[in-house]
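**Student:** need a structure here:
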Amino acid sequence: MSGNELQRENPYDNMLEVLDEAASMLGLCEKDYVALRHPERELKVAIPIDMDDGSIHVFEGYRVQHSSSRGPCKGGIRYHQDVDVDEVKALAAWMSFKSAVVNIPFGGGKGAIKVDPSKLTKNELKRLTRRYIAMILPIIGPERDIPAPDVGTNAEIMGWIMDTYSVFKGYTVPGVVTGKPIEVGGSLGRKEATGRGVMLVTREILHRLGKPAIGCRVAVQGMGNVGGVAAKLLSREGCKIIAVSDVSGGVYNKKGLNVDDIIDFLSENTGKFLKDYEGEGVTHITNEELLCADVDVLIPAAMENQIGESLAPKIKASVIVEGANGPTNLAADKILEKNGKIIVPDILANAGGVVVSYFEWVQNIQSLMWDEEEVNMNLEKIMIRSFNEVWDKAHENKTTLRMGAYIVAIDRIVKAKKIRGIFP
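**Tutor:** This is a model prediction of the structure:
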């Protein structure tokens, strides 16, 4: 499948197929889960912004709330030029399942603006963010829907969101958003949480398979907040990180890369990418070469639909840990399963972020602050418990870990919906 074909993949249709299969394994009839096939609310907004050159540009934005059966909706805000409503709907649904699989009292939501943030000045980005929040303000709030960072957004933007919402309310409301700077109510450990969760489930799957972490060969696609942290923490567990990549391409060293040096290079050199990195024994590779590298564990931690039908047969890693949302499309998933590959699915593997977002929200509404050790300890407890529940459910049903995770999640959401009933 070509890159253009991958772009035409509808992630929401993929989500629905997996949902139907898991519901069938649970023995559910359609009326038990049909509500989960439809987001509760979809808001599309046109956002006019005064640009620095005096022109006015109108951006398209979205906020989708998939399910609030188990609590307030929760999910990031993405700034990306290729985003569309189907992608946002799929991401919102995955957030519902992600919150349920780790058993925290949130539903799922997601937001996005169709924009390349690198093309905007800081003041344009700030005006865009504030106007977007003003336009979705009626449907968000600490008890309704709590945004967070995602691709193209960061802690600083979350701070602007918190301030905008608070100005409208007339008082400070830190709990309206998570992933904020520490100084305005953010949680210690939140920035590293998703990558730390990826490390924890990677460690657990290796343990279950009887494979030592020490010397385990790992390739990581994406050296952002998720992949970079996962690579760093896994190297500290004794894993050998032999390939990493970003949007510009990848670097490879059979003997192992110096992950700390790579992270320092990327963080200290604004505008620098891995294509500019040089080191002893390092060779440059493409992202496709990284995905097909001869490793024990592959961690796709970039964007959706990175592993398609044509690439799947070339995957050599025996274990794939999905750091990104939806990096493996449905056709590829079937091929990998047939080839005996073990996939730790996104709704479990990258759930560390939403877990610590929950911790941040709890700290905000209780007006207290945990230390980082407490955050990391509770994160580890939840991630390991959730991994074990998914592992046991998958083996009980003689199915994949992906299906096991969906079975756990859907069962919890359907039970909550059934207890609450349908209004009126």
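
**Student:** pretty sure V251 belongs to a strand, no?
**Tutor:** Yes: the assignment for V251 by DSSP: H, G, I helix; E, B strand; the rest coil puts it in a strand.

**Student:** ok, it - contacts?
**Tutor:** Each residue near V251 by C-beta atoms under 8 Å, 6 or more residues apart in numbering is listed here: A243, V244, S245, L257, I262, L274, Y277, G279, V282, T283, H284, I285. From N, CA and C alone the C-beta is placed, and that goes for glycine too.

**Student:** partners of it in the sheet?
**Tutor:** Legend: beta-bridge partners of V251 under DSSP bridges are V244, H284.

**Student:** From start to finish, how long is stretch 163-180 in a straight line?
**Tutor:** Counting by C-alpha to C-alpha, to the nearest Å, you get 11 Å between the two ends of stretch 163-180.

**Student:** I would like the residues contacting it, please.
**Tutor:** With C-beta under 8 Å, 6+ apart as the test, stretch 163-180 has contacts from 76, 129-130, 133-134, 137, 140-142, 146-149, 154-155, 158-159, 161-162, 184-187, 190-191, 353, 357, 360-361, 364-365.

**Student:** Buried ones in that stretch, by neighbour count?
**Tutor:** By neighbour count with 16 or more other C-beta atoms under 10 Å, stretch 163-180 contains the buried residues D163, T164, Y165, V173, P174, G175, V176, V177, T178, G179, K180.

**Student:** got it, and stretch 112-119?
**Tutor:** By neighbour count on 16+ other C-beta under 10 Å, the buried set for stretch 112-119 is A112, I113, K114, V115, P117.

**Student:** Among the contacts of V251, the buried ones, what's the PyMOL command?
**Tutor:** Of the contacts of V251, the buried ones can be selected in PyMOL as follows, counting by 16+ other C-beta under 10 Å:
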select buried, resi 243+244+245+257+262+274+277+282+284+285
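
**Student:** the longest strand in this structure is where?
**Tutor:** Ordering each strand of the chain by length in residues (DSSP state E) puts strand 56-67 first.

**Student:** Could you check the angle the following helix or strand past it makes with strand 56-67?
**Tutor:** Going down the chain from strand 56-67, the next helix or strand is strand 73-79, by DSSP states H and E. For strand 73-79 against strand 56-67, the angle between stretch directions is 150 degrees (axes from the mean of the first three to the mean of the last three C-alpha atoms, to 10 degrees).

**Student:** With only the CA atoms kept, save strand 73-79 in PDB.
**Tutor:** Taking C-alpha atoms only, strand 73-79 is exported to PDB below (Å, rounded to 0.1, in the frame of the first residue of the first chain):
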ATOM      1  CA  CYS A  73     -14.600  13.400  28.400                       C
ATOM      2  CA  LYS A  74     -10.800  13.600  28.200                       C
ATOM      3  CA  GLY A  75      -8.500  14.000  25.300                       C
ATOM      4  CA  GLY A  76      -5.800  16.100  23.600                       C
ATOM      5  CA  ILE A  77      -5.900  19.000  21.200                       C
ATOM      6  CA  ARG A  78      -4.000  18.400  18.000                       C
ATOM      7  CA  TYR A  79      -2.600  21.100  15.700                       C
END
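
**Student:** From the contact counts, what lies against it?
**Tutor:** Judged by 3 or more C-beta pairs under 8 Å, 6 or more residues apart in numbering; DSSP states H and E, the packing partners of strand 73-79 are strand 56-67, helix 85-101, strand 108-113, strand 145-149, helix 352-366.

**Student:** Name the surrounding residues that touch that strand.
**Tutor:** Contact with strand 73-79 is made by 65-67, 88, 91-92, 95, 99, 106-113, 115-117, 132, 144-153, 157, 161, 179, 354, 357-358, as judged by C-beta under 8 Å, 6+ apart.

**Student:** before we move on, back to that, quick one: which of the buried residues of stretch 163-180 is nearest to A331?
**Tutor:** G179 (33.2 Å; C-beta to C-beta).

**Student:** Cool, thanks, signing off.
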